[in-house]
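In: structural data only, the sequence is not supplied:
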């Protein structure tokens, strides 16, 4: 791929995200002029800068090489996943695998005529996946609640009126 095509993708992603060249420059410790040079293909973007640009603009690296990820949401999911810790990545992937397994089982069940019974092995797999999903969901809910409480405390400690932010004056 030509550096000009990468430059065009950088500009496109920046505009999609609503960033100015100056804002993107802050992420890279560069000036708006430097970003302009990158976007016009006047300078080649380094691999390190492209990685930082991808993080700043919530895009996977593949986006800048025009690789088809099928959907913007998929690209955003990949970018968000890559920005997580390895433990959080594993948890998110496990939850998605469990969810997809349950969706597949549900579709299989709907396709089974009412006078036929579901395969007992499939049913056992579904139940195991379902209960594993519930356990993971409960753990995630506890993590969300803990993060919420920490954010609310941090806001309160910094004198931020939460009620006014939410429009509850």
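Out: That came through, no problem. Because the structure is predicted, anything quoted here is derived from the model rather than measured.
In: what is the helix ranked longest in the chain packed up against?
Out: Assignment by DSSP state H gives helix 120-157 as the longest helix of the chain. Helices and strands touching helix 120-157, by 3 or more Cβ pairs under 8 Å, 6 or more residues apart in numbering; DSSP states H and E, are helix 86-111, helix 162-165. No exception for glycine: its C-beta is placed from N, CA and C like everyone else's.
In: can you classify the residue of the chain positioned farthest from its centre by secondary structure?
Out: Within the chain, residue 115 marks the point farthest from the mean C-alpha position, 42.4 Å out by Cα atoms, centre = their mean. Assigned by DSSP: H, G, I helix; E, B strand; the rest coil, the conformation of residue 115 is coil.
In: quick one: pLDDT of it?
Out: Here, the pLDDT recorded for residue 115 equals 70.
In: next, work out how far apart it and residue 122 are.
Out: Residue 115 is 17 Å from residue 122, where distance means Cβ to Cβ, to the nearest Å.
In: hmm, back to that, hey, which of the helices and strands packed on helix 120-157 is tucked in deepest?
Out: helix 86-111 (a mean of 13; mean count of other Cβ atoms under 10 Å).
In: the domain parsing of the chain - what is it?
Out: The domain map for the chain lists 3-76, 85-164, with the assignment taken from automatic domain parsing.
In: out of these, which gets the lowest mean score?
Out: domain 85-164 (a mean of 82).
In: so how far is the first residue of it from its last?
Out: Chord length of domain 85-164, first to last residue, is 33 Å (Cα to Cα, to the nearest Å).
In: same question, stretch 106-119
Out: Distance across stretch 106-119, first residue to last, is 13 Å (Cα to Cα).
In: any idea how far it is from the middle of the chain?
Out: Chain-centre distance of stretch 106-119: 34 Å, with Cα atoms, centre = their mean, to the nearest Å.
In: same check on stretch 14-28?
Out: For stretch 14-28, the separation from the chain centroid amounts to 19 Å (computed by Cα atoms, centre = their mean).
In: how about stretch 146-166?
Out: 24 Å.
In: try stretch 73-90
Out: So, by Cα atoms, centre = their mean, the centroid of stretch 73-90 is 5 Å from its chain's centroid.
In: what's next to that stretch, contact-wise?
Out: Here stretch 73-90 makes contact (Cβ atoms under 8 Å, 6 or more residues apart in numbering) with 54-55, 58-60, 62-63, 69, 92-93.
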